[in-house]
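K.L.:
Pasting the sequence and the predicted model now:
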Amino acid sequence: MNVNHYPPCPDPKLTLAAARHKDRSLITIVVQGDIPGLQFFNDGEWIPADPIPDVFVVNMGNVMQIVSNGKLKPGEHQVVTNENVTRQSAAIFLSPADDHLFGPAKGLTNDDNPPIYRDLQYHELLAAHNRGRTLKISSDETVKSFLIEA
Ligand SMILES: O=C(O)CCC(=O)C(=O)O
Ligand SMILES: [Fe+2]
């Protein structure tokens with residue numbers, strides 16, 4: 001779980017509260033309180049996912065892309081700063097254990113629709129993601145490194 005604390009920024013144009021990213025989880029549940037800031041990238045623009053009382057944001061992560069054999073893609077998101085108020089959120093990541101072996105779900109693949117990703121342990125995805133962060137490579141590239149023909 002991440003507990004995020006974003007202080008106000010007098011000029012929100014100057015910085016982001018959280019840079020654009022996709023989560024490394026299977027599923028993420030976000031409790032975002034009542035302060036706006038979370039945005040998702042869709043069709044070339046950032047769409048606000050403003051808080052609705054008593055509603056969680058449920059988001060897919062990179063593990064879901066692999067388990068669904070590329071059919072489900074995680075939403076890229078960022079958090080913008082707020083001029084006046086502090087924002088706090090909690091993101092609960094549902095992820096496999098580090099040594100858990102996973103890959104495209106057997107029920108979703110067959111001879112006509114073979115697995116496009118190899119099986120991997122979750123720590124391999126984390127290591128690739130961390131390497132990608134150091135090299136400023138997007139998490140799309142990270143996931144591509146598990147393609148069978150890669
Ligand atoms: O603060 C938010 O609403 C989202 C946080 C987030 O994207 C994350 O912790 O991965
Ligand atoms: Fe996130």
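P.N.:
Nice, thanks for sending it over. Numbers count the residues shown, from 1 in each chain. Ligands and ions are numbered 1, 2, ... in the order given.

K.L.:
what residues does the chain put near ligand 1?
P.N.:
Neighbours of ligand 1 within the chain, by CB under 6 Å from any ligand atom: 2, 4, 18, 23, 30, 32, 38, 77, 79, 89, 91. C-beta coordinates here come from the backbone N, C-alpha and C atoms, glycine included.

K.L.:
Spatially, which two of the residues you listed are the most separated?
P.N.:
Across these, the longest distance by CB to CB is 14.1 Å; it joins 23 and 32.

K.L.:
out of the two, which sits in the busier spot?
P.N.:
residue 23 (25 against 22; other CB atoms under 10 Å).

K.L.:
re the thing from before, can you flag the buried ones in the residues of the chain next to ligand 1?
P.N.:
Buried members of these, counted by 16 or more other CB atoms under 10 Å: 4, 18, 23, 30, 32, 38, 77, 79, 89, 91.

K.L.:
show me what contacts the fourth one?
P.N.:
With contact set as CB atoms under 8 Å, 6 or more residues apart in numbering, residue 30 has these partners: 38, 56-59, 89-92.
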